[in-house]
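Trainee: Everything below, folded, please.
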Amino acid sequence: MRYTVLIADDEPEIVELLQLYLEKDYDIRTAANGAEALECIRSVPVDLVILDIMMPVMDGLQLIKQIRATHHMPVLFLSAKSQDHDKILGLGLGADDYISKPFNPLEIVARVEALLRRVNQFDAHESAAPQETNLVLGELTLDRSKCVLFRSGKPVTLTSTEYKIVDLLLEQPGRVFTRKKIYEAVWGDYYAHEDSTIMVHISNIREKIEHDSRQPEYLKTIRGLGYKIEAPTES
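Mentor: Model (predicted):
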């Protein structure tokens with residue numbers, strides 16, 4: 001199966017470079033602005049989007065809001081905006097990964113492979129025979145047969161990345177997982193550098209499962225070590 005990758009960037013040189021590195025293994029679609037990209041997504045099946053933030057007509061941040069309203073394909077932000085708050089904003093809006101310009105094309109290839117591999121594993125899990133055991137912790141129930149998380153009986157909308165993080169942590173409540181362990185388990189790739197990607201995904205999960213994300217009862221940060229999930233202590 002050949003996946004379709006959409007490259008949305010208003011710099012022709014970058015589009016041509018990425019296309020050169022990716023077209024051997026993927027069907028490539030291109031767009032010069034967010035409006036063209038959205039039209040492409042609506043008209044043909046797209047498996048992954050490489051998305052610039054600063055584009056004319058409709059920028060990348062506006063576009064990902066439109067994408068996430070109806071689609072769940074992986075989105076990789078590629079942007080000259082390299083500050084942490086830009087990355088946090090992009091990931092917070094639903095991006096799966098974020099790479100700053102200038103970039104190594106081989107790293108883009110590796111990230112694309114990892115994202116598509118993870119989504120393929122997620123889809124295979126979703127279509128596999130139902131698992132008998134749900135994961136339950138306090139008000140949280142992870143229905144692994146349907147790949148849905150419930151809080152107090154109400155479904156919680158998670159991205160595929162967030163789901164895999166929650167599944168990993170809930171499978172062993174109380175265990176501390178380092179960022180390296182989470183990254184390698186969820187992304188299926190070697191964690192060779194420190195960045196804010198995992199931190200932002202953890203923050204997004206807290207917003208969805210905690211009564212007060214600033215004082216988390218479930219998803220705890222263990223300073224200097226990593227993260228763990230545990231049942232709230234009774235007051």
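Trainee: Where do the helices of this structure begin and end?
Mentor: Remark: helices assigned in the chain by DSSP state H are 12-22, 34-43, 60-70, 84-92, 105-127, 160-171, 179-187, 197-209.
Trainee: any idea of the angle the second one forms with helix 60-70?
Mentor: Spelled out, it's helix 34-43. Angle, helix 34-43 to helix 60-70, by axes from the mean of the first three to the mean of the last three Cα atoms, to 10 degrees: 20 degrees.
Trainee: what does helix 34-43 rub up against?
Mentor: 6, 8, 29, 31, 46, 49, 51, 55, 57-60, 62-63, 66-67, 71 (Cβ atoms under 8 Å, 6 or more residues apart in numbering). Heads up, the C-betas are built off the backbone N, CA and C, glycines and all.
Trainee: That one: how far from the chain's middle?
Mentor: Taking Cα atoms, centre = their mean, to the nearest Å, one finds helix 34-43 lying 20 Å from the centre of the chain it belongs to.
Trainee: that older thread, would you list the helices of the chain in JSON lines and tack on mean neighbour count and mean pLDDT?
Mentor: Compiled in JSON lines, those are given as follows (neighbours: other Cβ atoms under 10 Å; pLDDT from 0 to 100):
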{"stretch": "helix 12-22", "mean neighbour count": "15", "mean pLDDT": "95"}
{"stretch": "helix 34-43", "mean neighbour count": "18", "mean pLDDT": "95"}
{"stretch": "helix 60-70", "mean neighbour count": "18", "mean pLDDT": "89"}
{"stretch": "helix 84-92", "mean neighbour count": "17", "mean pLDDT": "76"}
{"stretch": "helix 105-127", "mean neighbour count": "16", "mean pLDDT": "76"}
{"stretch": "helix 160-171", "mean neighbour count": "21", "mean pLDDT": "90"}
{"stretch": "helix 179-187", "mean neighbour count": "18", "mean pLDDT": "85"}
{"stretch": "helix 197-209", "mean neighbour count": "19", "mean pLDDT": "89"}
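Trainee: do you know which of the ones you listed lies nearest Lys154?
Mentor: Set against Lys154 and scored by Cβ to Cβ, the helices of the chain come closest in helix 197-209, at 10.8 Å.
Trainee: Can you show me the CA trace of that closest one as CSV?
Mentor: Extracted in CSV, the C-alpha atoms of helix 197-209 (Å, rounded to 0.1, in the frame of the first residue of the first chain):
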residue,chain,number,x,y,z
THR,A,197,6.7,17.3,22.1
ILE,A,198,5.9,14.8,24.9
MET,A,199,5.4,17.6,27.4
VAL,A,200,2.8,19.2,25.2
HIS,A,201,0.9,15.9,24.6
ILE,A,202,0.9,15.2,28.3
SER,A,203,-0.5,18.7,28.9
ASN,A,204,-3.2,18.1,26.3
ILE,A,205,-4.2,14.8,28.0
ARG,A,206,-4.4,16.6,31.3
GLU,A,207,-6.8,19.2,29.9
LYS,A,208,-9.1,16.3,28.8
ILE,A,209,-9.0,14.0,31.9
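Trainee: which outside residues touch that helix?
Mentor: Residues contacting helix 197-209 (Cβ under 8 Å, 6+ apart): 87-88, 91-92, 97-98, 140, 149, 151, 156-159, 161-162, 165-166, 179, 182-183, 213, 216, 218-219, 221, 227.
Trainee: For Met58, see how far away the residue nearest the centre of the chain is.
Mentor: By Cα atoms, centre = their mean, the chain has its centre lying nearest to Asp96, at 2.6 Å. Distance from Asp96 to Met58, counting by Cβ to Cβ, to the nearest Å: 20 Å.
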